[in-house]
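S.K.: pasted the sequence and its predicted model underneath.
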Amino acid sequence: MTESATTSPIPWDELRTAAINATDNSYAPYSNFHVGAAGVTTDGRIVTGCNVENASYGLTLCAECSLVSDLARTGGGLLKAVVVVSGAGDPCSPCGRCRQLLLEHGGPDCLVDGDGTVRTVAELLPGGFGPDRIDEG
Ligand code: THU
């Protein structure tokens, strides 16, 4: 990780554009609710994801899940900020499961624009069960 990437401003506009573009690849024939997510890592990489639904509805992968997979695929690390949007380009609030995913891969200080207001993961998931809780056991 480079110091400049860690301290550089969040490229919110680039993230919003990348998230909107990711909705083009969304597979959502059941809900017809297309979701895209984009994040920037602490070392300055942009990663993206889209929702991928399944005929067995409960197996649907959210856009944030796909984003976390892209994070791992491209070298891992920590998310610094994430934007989630619907196909209409409107902000999309991360579901509970995805808040847990973002806690694991972004930590409590990761910034999330999911409903038009930027909040930390800690605000979205107060008292969340993160990796540090395992160490306490
Ligand atoms: N969805 C996401 O991709 N992320 C969320 O955080 C909320 C919901 C998707 C899952 C499903 O394909 C569609 O939105 C409707 O629930």
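M.R.: Received the coordinates, thanks. Numbering: from 1, shown residues only.

S.K.: now check the host helix or strand of R16, is it near the ligand?
M.R.: In this structure, R16 is located in helix 12-22 according to DSSP states H and E. No: counting by CB under 6 Å from any ligand atom, the ligand is not contacted by helix 12-22; separation bottoms out at 10.3 Å. The C-beta positions use only the backbone N, C-alpha and C, and glycine is treated the same way.

S.K.: what's that helix packed up against?
M.R.: Here helix 12-22 touches strand 35-41, strand 46-50, strand 79-86, strand 111-113, going by 3 or more CB pairs under 8 Å, 6 or more residues apart in numbering; DSSP states H and E.

S.K.: now that helix against strand 35-41, angle please.
M.R.: 140 degrees (axes from the mean of the first three to the mean of the last three CA atoms, to 10 degrees).

S.K.: just the helices and strands packed on helix 12-22: most buried one?
M.R.: Across the helices and strands packed on helix 12-22, averaging neighbours per residue (mean count of other CB atoms under 10 Å) puts strand 35-41 on top, at a mean of 27.

S.K.: contacting residues around L125?
M.R.: G96, R99, Q100, L102, L103 (CB atoms under 8 Å, 6 or more residues apart in numbering).

S.K.: how close does the residue nearest to the fourth one when sequence neighbours are not counted get to P9?
M.R.: Here the nearest residue to L102 in space, its sequence neighbours aside, is V121; by CB to CB, 6 or more residues apart in numbering that works out to 5.0 Å. V121 is 19 Å from P9, where distance means CB to CB, to the nearest Å.

S.K.: those two: who's more crowded?
M.R.: Counting neighbours by other CB atoms under 10 Å for V121 and for P9 shows that V121 has the greater number, 26 against 6.

S.K.: the more buried one reaches V112, doesn't it?
M.R.: Yes: the pair V121 / V112 is scored as a contact, 6.2 Å apart, by CB atoms under 8 Å.

S.K.: what sits in contact with each of the two?
M.R.: Contact with both V121 and V112 is made by residues L102, G106, according to CB under 8 Å, 6+ apart.
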